[in-house]
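[1] Provided below are the primary sequence and the corresponding predicted coordinates.
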Protein chains: 2
Amino acid sequence: MEKLLVFGHKSPDTDSIASSIALACLQTKLGKTAEPRRLGNISKETEFALNHFKIGAPELLTSVSEDDNVILVDHNEPDQSADNIKSAHIYMVVDHHRVNGFETAEPVYYYAEPVGCTCTILYKLFNQNNVTIPADVAGLMLSAIISDTLLFKSPTCTDLDREVAEKLAKISNTDINSYGLAMLKAGTDLSSFSEEELVNLDAKVVTIADKIKAKISQVNTADIDDVMTRKAKLEEAMNKDVESLGLDLDLLLITDIINSNSQAIVLGSHADLVEKSYSVKLENNTAFLEGIVSRKKQVIPVLTSHAE
Amino acid sequence: MEKLLVFGHKSPDTDSIASSIALACLQTKLGKTAEPRRLGNISKETEFALNHFKIGAPELLTSVSEDDNVILVDHNEPDQSADNIKSAHIYMVVDHHRVNGFETAEPVYYYAEPVGCTCTILYKLFNQNNVTIPADVAGLMLSAIISDTLLFKSPTCTDLDREVAEKLAKISNTDINSYGLAMLKAGTDLSSFSEEELVNLDAKVVTIADKIKAKISQVNTADIDDVMTRKAKLEEAMNKDVESLGLDLDLLLITDIINSNSQAIVLGSHADLVEKSYSVKLENNTAFLEGIVSRKKQVIPVLTSHAE
């Protein structure tokens, strides 16, 4: 069998990078030829994790063709994947998101669980195949769990995420709390990014209720006010996306990872969907969303149910 | 947690019944309240297997509501599931078909592998959870593998199906060949069925290439000529379905399980898709399809690729 390319979603977060590297590692140990790829720039948080565990970043990939044999991790929606993904041969999917818009002509290996992080599922796959996880890969997988669950504080976090994180911490000899806080903090240094970059650091384009094309972006910070000083230019960047991508809704979550709240900036013709969904009133295109930190658990399903 | 209802596809085959019973058994042993259901009549083949291993048929279910918590086995497409399936809460999917038209608002446990039978995957799940398979359930799971792979002769059969079948044969103390042939033969006694029943014994309605609504039915026989004596009445029953279901294509495969060939009867405005797909010429709405026995592997993907 030819080479398998393993990649996560566009605007990759730490889980998309870590799970690509971890699953390529597992497949290699199972005798396959597999290599990780990334569909975008590495975030500062991910860079911190890669440097800490001395692992190189995967090669950049932009599009695939019918000659490619691919494994999708941490996503399944075609819009979030490599360009031309529908032409490629999909060998496997390992994910923790809802199934949406994914289909193949032939049966495929598809494994999803409603847990906080793809790397939690990959830990089970290593175990099921009796493959030992190398210490550096275990450290990177732990980083992904810390990132996706905001150090176990996100509502997406499950008991299994916590258990697996403890085991990966042991394998990689890592102190979860001190390392985790340092990693999350590295990810909140937004000073070097332009506003165009900020709204694309961790962004997903989804179609809500089959009719509303929405982009939902998220930046993590320890200081919401600090990010809001850049509001005018952030809106400018978002308005450009609304036009170029034909968005009905552009929602930027500025998430306070210490106190677990988000400030939302909302643009587009369907901005009122956010008002309706959270019983808030937008003032100057913004509203405070108390306790909202998870796009997957607290945003997409909530918008979906209010759009129907 | 409230009760989980476990069911396979409409017009259930042996795998849909066996995997419902097996997964309800596993969930119960894991401490959940779970019960199998069936979405249609039990076939003679399935009846033979249930009787042989002294297991009762699941209760009939026709539709579900938003109060139901369900597990889908052996299917994922909403058209093949219980009425109102989109309103129910889907807790889990275990399947061996392509993903098509399945979506949920929230993440869900979804496990599919490209193997010959859902029960092969369930064997792995029993193992992963360290749960012993009761002998009678193992016998029923073995029956499903024999049925879906036509005693390992179907192109959908994988090495894993063979391996698991051997293990289940040991647990259930079953001679695979003699039992398997007897079971498959029991399924070919079509004499007591009306033509309307025959075209619905094992039927799937699928949408091909987003545009062609097709019903693909299959009956197994040891004597194609014998079934073809009923051709006129079979076409009458099929024409009724074309009208009442608004089909663009109605394909009945009469499959010779001894020699692994099928005679096709084809109706509907897109009947020419079958001619194009297999380079055959329909005469009086029928053609012989040499070596074609698997709807999943040799029919749906072939029709799909020729329709695009």
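    Everything's here; your move. Numbering: from 1, shown residues only, chains lettered A, B, ... in the order given.
[2] quick one: average confidence on whichever strand or helix holds residue A:170?
    Using DSSP states H and E, residue A:170 maps to helix A:159-172. Averaged across helix A:159-172, the pLDDT comes to 98.
[3] Report all helices and strands that that helix contacts.
    Helix A:159-172 makes packing contacts with helix A:118-128, helix A:135-149, helix A:176-187 when contacts are defined by 3 or more CB pairs under 8 Å, 6 or more residues apart in numbering or on different chains; DSSP states H and E. (Each C-beta comes from the backbone N, C-alpha and C, glycine too.)
[4] Return the set of buried residues in that helix.
    Buried residues in helix A:159-172, counted by 16 or more other CB atoms under 10 Å in any protein chain shown: A:160, A:161, A:164, A:165, A:168, A:169, A:171, A:172.
[5] for those, which one is nearest chain B?
    Relative to chain B, the closest of these is residue A:160; by CB to the nearest CB it sits at 11.5 Å.
[6] quick one, longest strand in chain A?
    Counting by DSSP state E, the longest strand found in chain A is strand A:212-221.
[7] partners of it, with directions?
    strand A:203-208 (antiparallel), strand A:249-256 (parallel) (DSSP bridges).
[8] Which parts of chain A are helices?
    Under the criterion DSSP state H, chain A contains helices at A:14-29, A:44-52, A:118-128, A:135-149, A:159-172, A:176-187, A:195-198, A:224-228, A:231-245, A:272-278, A:300-307.
[9] Can you tell me what sits against the last one?
    Where contact means CB atoms under 8 Å, 6 or more residues apart in numbering or on different chains, the residues beyond helix A:300-307 that reach it are A:98, A:206, A:208-209, A:211-212, A:214, A:216, A:249, A:270, A:273-274, A:276-278, B:105-106.
[10] Would you pull up how far stretch A:17-30 lies from the middle of the chain?
    Stretch A:17-30 sits 17 Å away from the centroid of its parent chain (CA atoms, centre = their mean, to the nearest Å).
[11] ok, back up a step: winner for burial among the helices and strands packed on helix A:159-172?
    Highest mean neighbour count among the helices and strands packed on helix A:159-172 (mean count of other CB atoms under 10 Å in any protein chain shown): helix A:135-149, with a mean of 27.
[12] what's the angle between that helix and strand A:212-221?
    Relative orientation of helix A:135-149 versus strand A:212-221 (axes from the mean of the first three to the mean of the last three CA atoms, to 10 degrees): 110 degrees.
[13] Hey, what's the angle from helix A:135-149 to helix A:159-172? Just curious.
    For helix A:135-149 against helix A:159-172, the angle by the same axes, to 10 degrees is 150 degrees.
[14] Who are the packing partners of helix A:135-149?
    In terms of contacts (3+ CB pairs under 8 Å, 6+ apart), helix A:135-149 is packed against helix A:14-29, helix A:44-52, helix A:118-128, helix A:159-172, helix A:176-187.
[15] Just the terminal-to-terminal distance for stretch A:106-118.
    End-to-end distance of stretch A:106-118 (CA to CA, to the nearest Å): 24 Å.
[16] Quickly list the domain ranges of chain A.
    In the domain annotation for chain A, the residue ranges read A:4-186, A:195-307 (automatic domain parsing).
[17] can you tell me how far residue A:195 sits from residue A:135?
    Distance, residue A:195 to residue A:135, by CB to CB, to the nearest Å: 39 Å.
[18] nope, residue A:259 is what I meant
    According to CB to CB, residue A:259 stands 33 Å off from residue A:135.
[19] picking up where we left off before, would you reformat the strands paired with strand A:212-221 as TSV and include distance to residue B:144?
    Listed next are these as TSV, based on distance: least, CB to CB, whole Å:
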stretch	distance to residue B:144
strand A:203-208	37
strand A:249-256	46
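[20] ranking these by burial, who's on top?
    Note that of the strands paired with strand A:212-221, strand A:249-256 is the most buried (mean count of other CB under 10 Å), with a mean of 25.
[21] what distance separates that one from the centre of its chain?
    Remark: strand A:249-256 is offset 14 Å from the chain centroid, using CA atoms, centre = their mean.
[22] Give me the angle between that strand and helix A:300-307.
    Relative orientation of strand A:249-256 versus helix A:300-307 (the same axes, to 10 degrees): 140 degrees.
[23] Tell me how many other residues surround residue A:308.
    10 (other CB atoms under 10 Å in any protein chain shown).
[24] Can you tell me the closest non-neighbouring residue to it?
    Leaving aside its chain neighbours, residue A:308 sits nearest to residue A:209 (5.0 Å; criterion: CB to CB, 6 or more residues apart in numbering or on different chains).
[25] next one: phi and psi at the one you found?
    Phi and psi for residue A:209, reported as degrees, to the nearest 10, are phi 50, psi 40.
[26] residues touching it, list them.
    A:304, A:307, A:308.
[27] what's the answer for residue A:147, then?
    Contacts of residue A:147 (CB under 8 Å, 6+ apart): A:13, A:14, A:15, A:45, A:46, A:49, A:117, A:183, A:184, A:187.
[28] Same check on residue A:215?
    A:203, A:204, A:205, A:241, A:245, A:247, A:249, A:250, A:251.
[29] What distance do you get for the second one to residue A:78?
    This means residue A:204. On the measure of CB to CB, residue A:204 and residue A:78 end up 12 Å apart.
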